[in-house]
Structures are given as structure tokens and as C-alpha cells.
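Asker: here are the coordinates; sequence isn't available:
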């Protein structure tokens, strides 16, 4: 492993720690959401960002679902999913501390999408 790369077990532990650190008022609102660690984004994940001029070459995470603010009472929904991508985060981080920071920021960012926030409404 080069630089500050996190192993899969370390990466999963950091994701769990990020979720445990959520303020209670937000954590209590997160329901029916799967948080998954994936090694790399899929072609479909990249395709979702084709029209985004701010999209960089590395996709660190993605929210797959219907935001709380866009749901109606009669919708039958599968669980939402947040994927956090280990490969891209390890590539953009220069140190282990940076990798940990990126994992935490990515989890929070993707949860922002779950709550209905757009990228321009969240700090980067």
C-alpha cells in the first residue's frame, strides 16, 4: 500500500465511526439507508455525473435513492444506499489522516443528499 491507504477493515471502521459521530437529531432521522463500502464506482455511478461541470475525475461517494424532501406518502421505496468508494479516497489522500478525513466528509456529504441538500447547499 502506498501513502496513507486504509485497508478495507480500517476504511469500514472509519465509516462506522463517522456514523456514530452524527448528532443525535440527525442520526434519529436516518432510516432505511444502507451505508456500503465499495472499492470503485460503477459506470452507472459516473454516468450520473456526466452533466455536472464540477465533477472531478474521482468520485468519492454517491447517494442512490430518493431524498426525504422528494418523497410522497404513496411511494414504495427500496432502501436508500450511500456508497463510499475506498479506491478513489485512498488515491486522493496523501496521508492516512487525510484518508480518514475524506471518509468522514464523504459520509456527511452523501447524508446531506439523503436529507435533500444539493451540492451547492453544502460546504465542500
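Answerer: Structure's in. What do you need? Since this is a predicted model, take the numbers as computed values, not measurements.

Asker: phi, psi of the residue of the chain most remote from its centre?
Answerer: The C-alpha centroid of the chain is most remote from residue 74, which lies 26.9 Å away (C-alpha atoms, centre = their mean). Main-chain dihedrals, residue 74, degrees, to the nearest 10: phi -100, psi 10.

Asker: let me see the ranges of the helices in this protein.
Answerer: 8-20, 24-27, 43-47, 86-92, 96-114 (DSSP state H).

Asker: tabulate those (CSV), appending mean neighbour count, distance to residue 122 and mean pLDDT.
Answerer: Heads up, the C-betas are built off the backbone N, CA and C, glycines and all. Formatted as CSV, the helices of the chain follow (neighbours: other C-beta atoms under 10 Å; distance: least, C-beta to C-beta, whole Å; pLDDT from 0 to 100):
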stretch, mean neighbour count, distance to residue 122, mean pLDDT
helix 8-20, 15, 15, 95
helix 24-27, 10, 13, 89
helix 43-47, 11, 19, 89
helix 86-92, 19, 17, 94
helix 96-114, 19, 5, 93
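
Asker: would you turn those helices into TSV with distance to residue 60?
Answerer: Shown next, in TSV, are the helices of the chain (distance: least, C-beta to C-beta, whole Å):
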stretch	distance to residue 60
helix 8-20	12
helix 24-27	20
helix 43-47	11
helix 86-92	5
helix 96-114	5
